[in-house]
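**Q** coordinates for the following, if possible.
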Amino acid sequence: MPITSEHAGRRYPPTRPYRVSAEKIAEFAGALGGVDGGDPNPAYGGERPIAPPTFAAVIASRAWDALFDDPDLGLALRRTIHADQRFTWQRPLCDGDTVLATLTIDSVRTRGRLDWVGVRVDLDTTDGEHVCTATSTLLHTRPEEDAA
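**A** Modelled structure (predicted):
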């Protein structure tokens, strides 16, 4: 059975804890940038580094596994385009944070073979502090036999 608007509101269990470290922050910041590579922002290094804002996608994407592994939805990563990504921050991710990611399906809209799936991933520390909400729009093409 393919995903439908009836799946909106479905919430999945949190991911395994993800430990943010200075090394992971430096590696991610090093992958950002243009021709010279890397983002030289000093906030991403030093004694108390913070993560670049888009680092949250590393953790949020781990929560997507539950979505694509859910047999009720019929979603396939190979037929999915990540169309939009937004972050709402309470504070930056910091070296030493241990974070859980919890995914909720916010909305589903279907037209023919195309599903627009809105998902929200809440990033919270293992101490219960809310750090960030990552929202995404995924465009998913259904196999022809599942077209509505």
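**Q** now do the buried residues in the helix or strand bottoming out on mean pLDDT in the chain.
**A** When the helices and strands of the chain are compared on mean pLDDT, DSSP states H and E, helix 22-31 comes out lowest with a mean of 92. With burial defined by 16 or more other Cβ atoms under 10 Å, the residues of helix 22-31 counted as buried are 22, 24-26, 28-29. C-beta: built from backbone N, CA, C; applies to glycine.
**Q** same question, stretch 102-118
**A** 102-105, 108, 110, 113, 115, 117-118.
**Q** could you list every residue that touches the residue most central in space within the chain?
**A** Note on the chain: the residue nearest the mean C-alpha position is Ala60, at 2.8 Å, using Cα atoms, centre = their mean. Ala60 makes contact with 101, 103, 121, 123, 134, 136, according to Cβ atoms under 8 Å, 6 or more residues apart in numbering.
**Q** out of the residues you listed, which are inside strands?
**A** Among these, the ones falling in strands (DSSP state E) are 101, 103, 121, 123, 134, 136.
**Q** which stretches in this structure count as helices?
**A** Under the criterion DSSP state H, the chain contains helices at 22-31, 56-69.
**Q** from what I can see Leu32 touches Gly38, true?
**A** Yes: Leu32 lies in contact with Gly38 (Cβ atoms under 8 Å); the separation is 6.5 Å.
**Q** for the closest residue to Asp95 other than its chain neighbours, give me its contacts.
**A** In space, Asp95 comes closest to Ala22 once its chain neighbours are excluded; the distance is 4.5 Å by Cβ to Cβ, 6 or more residues apart in numbering. Ala22 is in contact with 45, 49, 95, counting by Cβ under 8 Å, 6+ apart.
**Q** do Asp69 as well
**A** Asp69 neighbours (Cβ under 8 Å, 6+ apart): none.
**Q** let me have the buried residues of stretch 102-118 in CSV, extended by distance to His140 and pLDDT.
**A** Below are the buried residues of stretch 102-118 laid out as CSV (distance: Cβ to Cβ, whole Å; pLDDT from 0 to 100):
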residue, distance to His140, pLDDT
Thr102, 21, 98
Leu103, 15, 98
Thr104, 17, 98
Ile105, 12, 98
Val108, 9, 98
Thr110, 9, 95
Arg113, 9, 92
Asp115, 4, 97
Val117, 6, 98
Gly118, 12, 98
